[in-house]
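Asks: below is the sequence, then the predicted model.
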Amino acid sequence: MATHKSAIKRARQSERRRLRNKSYRTRVKNVSRQVREAVAAGKSPEEIQASLRKAVSVIQKTASKGVIHKRKAARKISRLYRLVNKAQAVSA
């Protein structure tokens with residue numbers, strides 16, 4: 001455990017950041033899952049697009065805060081778009 005005053009403060013800050021980052025990562029997982037579930041359930045294209053827009057927004061915001069890498073965010077967004085486009089091509 002930290003004993004210096006500055007080390008104690010750094011430990012407090014790190015713990016706060018860890019919890020905040022954890023919630024952002026969980027949020028990214030949840031919105032991605034919602035898009036995949038909407039596609040799997042065969043929901044309307046409007047509902048799927050709405051969930052995709054929300055997911056892209058959350059993922060980009062998480063990357064801009066530095067919680068996840070920008071390329072990881074781009075990869076996640078790309079995979080979601082591919083999934084949605086493939087599902088809409090099949091339904092059309």
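Replies: Right, received. Where do you want to start?
Asks: so where does Ala50 fall, helix or strand?
Replies: Assigned by DSSP states H and E, Ala50 belongs to helix 45-64.
Asks: quick one: low-confidence residue ranges for this structure.
Replies: For the chain, no stretch is flagged by pLDDT under 70.
Asks: quick one: residues contacting the residue sitting nearest the centre point of the chain.
Replies: Nearest residue to the geometric centre of the chain (C-alpha atoms, centre = their mean): Val28, 2.1 Å. When contacts are counted by C-beta atoms under 8 Å, 6 or more residues apart in numbering, Val28 touches Val58, Ile59, Thr62, Ile68, Lys76. Heads up, the C-betas are built off the backbone N, CA and C, glycines and all.
Asks: in TSV: those, plus distance to Asn21 and neighbour count.
Replies: Output for the contacts of Val28, formatted as TSV (distance: C-beta to C-beta, whole Å; neighbours: other C-beta atoms under 10 Å):
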residue	distance to Asn21	neighbour count
Val58	14	17
Ile59	14	23
Thr62	9	20
Ile68	9	18
Lys76	16	21
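Asks: ok, so of those residues, who is nearest Ala40?
Replies: Using C-beta to C-beta, Lys76 comes nearest to Ala40 of these, at 17.4 Å.
Asks: you'd agree that closest one is up against Ser32?
Replies: Yes. Applying C-beta atoms under 8 Å, one finds Lys76 in contact with Ser32, separated by 6.4 Å.
Asks: and for those two, which residues touch both?
Replies: Ile59.
Asks: and stretch 44-57, what's buried?
Replies: Within stretch 44-57, the residues scored as buried using 16 or more other C-beta atoms under 10 Å are Ile48, Ser51, Leu52, Ala55, Val56.
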